[in-house]
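K.L.:
Give me coordinates for this.
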Amino acid sequence: MAAADSPSAALRRRDLCSRGIRLAGKMRADVVDLLDAYVEQQGLDASASVAAVEGVPQAAVERWDEQTGTQRLLENLAAYRAFRALLAQMLEEQREQLGEADAGLGRALAAVLLQVSAFAYHLEELLRLESRGIPGEEEEEEEDGLPPPPRLSLFEQKLRGLGVLRELAQWAVRSVRDLRQLAKPSPATGTAPGLAESP
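P.N.:
Numbers count the residues shown, from 1 in each chain. Down below sits the predicted model:
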C-alpha cells in the first residue's frame, strides 16, 4: 500500500475529503428543501412517524468511532448506491402520478439524484486511491435485469418517499462526519488515518 501512504496520495486524499464534505453539505441543504416541498405537495404531516423502509440504509451505526476508514467508505458507498436506485424509482413514480402538474418537484428530485450519483462516484475515487476494489459493480449490473419490486399503493409510495428523503438527509450528515474523520492527520505519520486497516 505504498501508493496510499505516499505524501502525494495523502494530499490527494485530503483534497478529495474536503471536496466530498462540500458536496455532502450542499446535498443535505438541497434534500432538506426537497423534504419541505415533498411533504407539502404530497399532503403529508411533516412530523409523521415513518417506520424503517425496506431497502433504505440506516445512517445510525454502533461504535462509529471504532470504524476503519475503509469501513466508513464502503458503508457510505453502499448507502448512496441504494439511494440512487430509490430516488430513480421515486422520480418515475412522481412522473406517473403528476405528469407535468408539479414539474418543480420532479426537477428537485432529479437534481438530488444527480448529486447522489456524483457523491457515489466521489466515494469510489477515494476507494481507488487506496487501491481498493470497488465492491458490487458486477452485482449492480446484474440487478438491472431483475424484475421490478412489487407495486405499492399511492399512500405507501408517499410514506416510503418521506422515509427515503429523511434518511438521505441523515446520511449526508454522517458522510460529513466520516470524511472529516478520514481527513484528520495521523498523530504518528502526519498523514490521514490508514483507510485499509483491518477492523
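
K.L.:
What segments of the protein are helices?
P.N.:
Secondary structure of the chain, counting by DSSP state H: helices at 2-5, 7-42, 69-98, 103-129, 137-143, 154-183.

K.L.:
Counting by contacts, list what the longest one packs against.
P.N.:
Spelled out, it's helix 7-42. helix 103-129, helix 154-183 (3 or more CB pairs under 8 Å, 6 or more residues apart in numbering; DSSP states H and E). (Glycine included, C-beta is placed from N, CA and C.)

K.L.:
Same list (these) but as a markdown table, adding mean pLDDT.
P.N.:
Supplementary listing: the helices and strands packed on helix 7-42 in a markdown table, determined by pLDDT from 0 to 100:
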| stretch | mean pLDDT |
| --- | --- |
| helix 103-129 | 93 |
| helix 154-183 | 92 |
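
K.L.:
among those, which is nearest residue 49?
P.N.:
Ranking the helices and strands packed on helix 7-42 by their distance to residue 49 (criterion: CB to CB) puts helix 154-183 first, at 9.8 Å.

K.L.:
just the helices and strands packed on helix 7-42: most buried one?
P.N.:
Among the helices and strands packed on helix 7-42, ranked by average contacts under mean count of other CB atoms under 10 Å, first place goes to helix 154-183 (a mean of 20).

K.L.:
Which residue is the nearest non-sequential neighbour of residue 12?
P.N.:
Using CB to CB, 6 or more residues apart in numbering and skipping residues adjacent in sequence, the residue nearest residue 12 is residue 129, 6.0 Å away.

K.L.:
Cool, thanks, signing off.
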